[in-house]
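Undergrad: task: produce atomic coordinates for the following.
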Amino acid sequence: MLTVDRLRALLPQAFDHSGLPGIAAGKVREWYSLGDGQRVLITTDRLSAFDRILAAVPYKGQVLNQLAAWWFARTADIVPNHLLSLPDPNAALVREAEPFPVEVIVRGYITGVTSTALWYRYALGERDIYGWRLPDGLRKNDALPEALITPTTKGGPTGHDERLTGAEVVSRGLLDAATWDEVQAAALGLFHAGQAVAARAGLILVDTKYEFGRDAAGRVCLIDEVHTPDSSRFWRAESYTRALSAGVDPENFDKEFVRLAYAAQGYRGDGPPPGMPDDLWVAASQRYTQLYTLLTGAPFDPADYPVGPRLVANLRGAGLLTA
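TA: Numbering: from 1, shown residues only. Coordinates of the predicted model:
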């Protein structure tokens, strides 16, 4: 197998190497330009859950890389994407594309607790949010009457995104009207396709973030990852009705699981994070790999990849390592 270290060793130092445009230092991807309009995109196994937290989730990078590639193959009829091939579980060969300064969040449910979340603002009495008029009577985690697009700028030096309306995207010159229409149509098409696949897997695609750009041929194309546990929120469908009646959140199969574990200890991103036991990272890894299996219908087959010696015993106990 072509390992990440071997892949890096094969890349001449003269090649341009930096973080992805718009991605803050310490995030989970880096790329090497190969020239001729191609890049190698390397995915590591780190997860950032809050500001100041960067913690390892075993096999996370492999799940993101391989699951995104699976989705790319199934959504190319909706919008072109940048993937050329997957030479390694931790690396993708992609077309170079110029990212748009706007990312697209599509929401199917009213949820979330942060100050920018739909539910947080709705619970404070707002009804006109991000350019959309929401009806009275919604409860937390209710399905929205229709999928809502809430664009956002890329995170700046603070790492926080600025929420926008569609009208602001055009009026501020971030995208022209025709391109914005094309992006919205692609985002809704992707989201509805994702909802259908998730439903067949016994899951609910709650909300997701898409990143688009323009390739060398001038086409709007999908870039970065798509419908992974880092870019999307998934709930177990069987837990949804029960959770609504009990006034709790449904079972998460995404990085919200880690956020909630920290929030349960009272951490909100201020100061040093509390220490978390190894079994948290094992449980997070289980959700990532189970999500892959539920969506694709294929077992996740972890490649030889270092996960940290102190976790090995717990991983074996959880059935994630057999050797």
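Undergrad: mind checking the SS state of Pro229?
TA: coil (DSSP: H, G, I helix; E, B strand; the rest coil).
Undergrad: can you count the residues close to the residue nearest to Ser232 when sequence neighbours are not counted?
TA: The shortest distance from Ser232 to any non-neighbouring residue, by CB to CB, 6 or more residues apart in numbering, is to Thr208 (3.8 Å). Yep, even glycine has a C-beta here, placed from its N, CA and C like the rest. Number of residues near Thr208 (other CB atoms under 10 Å) recorded here: 23.
Undergrad: what do you get for Asp176?
TA: Around Asp176 there are 11 residues (other CB under 10 Å).
Undergrad: my read is that it contacts Val169, right?
TA: No. Between Asp176 and Val169 there is no contact, the gap being 9.5 Å when judged by CB atoms under 8 Å.
Undergrad: which parts of the stretch 1-150 of the chain are strands?
TA: Remark: strands assigned in the stretch 1-150 of the chain by DSSP state E, counting those that start in this stretch are 17-18, 29-35, 38-43, 46-47, 55-56, 83-88, 91-95, 97-109, 128-129, 132-133, 143-153.
Undergrad: got JSON lines for those strands, with mean pLDDT too?
TA: Listed next are those as JSON lines, based on pLDDT from 0 to 100:
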{"stretch": "strand 17-18", "mean pLDDT": "39"}
{"stretch": "strand 29-35", "mean pLDDT": "69"}
{"stretch": "strand 38-43", "mean pLDDT": "76"}
{"stretch": "strand 46-47", "mean pLDDT": "63"}
{"stretch": "strand 55-56", "mean pLDDT": "64"}
{"stretch": "strand 83-88", "mean pLDDT": "84"}
{"stretch": "strand 91-95", "mean pLDDT": "85"}
{"stretch": "strand 97-109", "mean pLDDT": "95"}
{"stretch": "strand 128-129", "mean pLDDT": "94"}
{"stretch": "strand 132-133", "mean pLDDT": "95"}
{"stretch": "strand 143-153", "mean pLDDT": "95"}
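Undergrad: where does pLDDT dip in this structure?
TA: Applying pLDDT under 70 to the chain flags residues 1-31, 44-56, 155-161, 268-269, 303-323.
Undergrad: roughly how far apart are the spatially most central residue of it and Pro273?
TA: Geometric centre of the chain, nearest residue: Ser231, 1.1 Å, by CA atoms, centre = their mean. Per CB to CB, to the nearest Å, Ser231 is found 22 Å from Pro273.
Undergrad: now do Gln184
TA: From Gln184 across to Pro273, the span is 37 Å (CB to CB).
Undergrad: how about Gly202?
TA: Distance from Gly202 to Pro273, by CB to CB: 32 Å.
Undergrad: compare these two (neighbour count), which wins?
TA: A count of neighbours by other CB under 10 Å puts Pro273 above the other of Gly202 and Pro273, at 17 against 11.
Undergrad: now the helices for this structure?
TA: Applying DSSP state H to the chain gives helices spanning 4-10, 60-75, 118-123, 166-171, 177-200, 237-246, 256-263, 278-296, 312-317.
Undergrad: now mean neighbour count and distance to Asp88 too, for the ones you listed, in TSV please.
TA: Formatted as TSV, these follow (neighbours: other CB atoms under 10 Å; distance: least, CB to CB, whole Å):
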stretch	mean neighbour count	distance to Asp88
helix 4-10	12	6
helix 60-75	22	8
helix 118-123	19	38
helix 166-171	17	36
helix 177-200	17	25
helix 237-246	14	33
helix 256-263	18	25
helix 278-296	20	16
helix 312-317	15	21
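Undergrad: among these, which comes closest to Ile149?
TA: The minimum distance between Ile149 and the helices of the chain falls on helix 177-200, with 5.7 Å, by CB to CB.
Undergrad: that closest one vs strand 97-109, what angle?
TA: Counting by axes from the mean of the first three to the mean of the last three CA atoms, to 10 degrees, helix 177-200 lies at 50 degrees to strand 97-109.
Undergrad: counting by contacts, list what helix 177-200 packs against.
TA: Counting contacts by 3 or more CB pairs under 8 Å, 6 or more residues apart in numbering; DSSP states H and E, helix 177-200 packs against helix 60-75, strand 97-109, strand 143-153, helix 166-171, strand 203-215, strand 220-223.
Undergrad: tabulate the ones you listed (JSON lines), appending distance to Leu134.
TA: Converted to JSON lines, these look like this (distance: least, CB to CB, whole Å):
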{"stretch": "helix 60-75", "distance to Leu134": "28"}
{"stretch": "strand 97-109", "distance to Leu134": "11"}
{"stretch": "strand 143-153", "distance to Leu134": "8"}
{"stretch": "helix 166-171", "distance to Leu134": "15"}
{"stretch": "strand 203-215", "distance to Leu134": "15"}
{"stretch": "strand 220-223", "distance to Leu134": "28"}
